[in-house]
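1. Okay, here's the prediction I keep looking at, along with the sequence it came from:
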Amino acid sequence: MVDAEQKNKSILIIDDDEDYLFQQKAYLEAAGYEVIATESSEKAEELIEQHKPDLVVVDLMMEEDDTGFRLCYFIKKNHPSMPVIMATGVAAEAGIEFNAVTDEERLWLKADVVLAKPFRCEQLEAKIKCLLKRNSPHGNADGDDCR
């Protein structure tokens, strides 16, 4: 069942993994979101400006190792209130842990939430719901900070 926070909300997913894009897009559309997906950071910038999605999910490493960082910077510079979830497999691949728990980390990463791949679709949806609720006119009444 689609709740009021999901209805008519648009999500942009940016990742160079076609299988990941297909899976996340199908799951989130079934959950009631309008989903736009792209494998290209250049196309992502165009889509952000054209569609002004309610939330963006961006992979860290795509065309370049820092593509996700650059996209997050672009988003927060041009749309500071647009929620961003960074999805990354860097911790599993390189053993480097980072997250967006503190205000300093969120400021540096330019992401509101970091999800370590692999994660379940339900985990992503829970973070999306939290961030959309936080950005709604009613705020996040239950006090969850989405971390």
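-> Sure, I can see it.
2. contacts and neighbour counts: CA atoms only from here.
-> Fine.
3. Which residue ranges of this protein form strands?
-> 10-14, 34-38, 55-59, 84-88, 113-116 (DSSP state E).
4. Any idea which residue is closest to the centre of this protein?
-> Taking Cα atoms, centre = their mean, the centroid of the chain lies closest to Val57, which sits 2.3 Å from it.
5. re earlier: looking at the strands of the chain, which is buried most?
-> strand 55-59 (a mean of 26; mean count of other Cα atoms under 10 Å).
6. So what touches that one?
-> 10-16, 68, 71-72, 82-88, 128, 132 (Cα atoms under 8 Å, 6 or more residues apart in numbering).
7. again, but for stretch 27-41
-> 1-2, 6-18, 21, 25, 44, 63, 67, 71, 121, 125.
8. Next one: the nearest residue to Ile128 once chain neighbours are set aside from Pro80, what distance?
-> If the residues on either side of it in the chain are set aside, Ile128 comes closest to Leu55, at 7.5 Å by Cα to Cα, 6 or more residues apart in numbering. Taking Cα to Cα, to the nearest Å as the measure, Leu55 falls 11 Å from Pro80.
9. Could you do Ala26 as well?
-> Remark: distance between Ala26 and Pro80 (Cα to Cα) = 28 Å.
10. what do you get for Ala111?
-> From Ala111 across to Pro80, the span is 10 Å (Cα to Cα).
11. now Glu49
-> On the measure of Cα to Cα, Glu49 and Pro80 end up 13 Å apart.
12. By mean pLDDT, which helix or strand of the chain comes out lowest?
-> The helix or strand of the chain with the poorest confidence is helix 90-94; it has a mean of 54 (mean pLDDT, DSSP states H and E).
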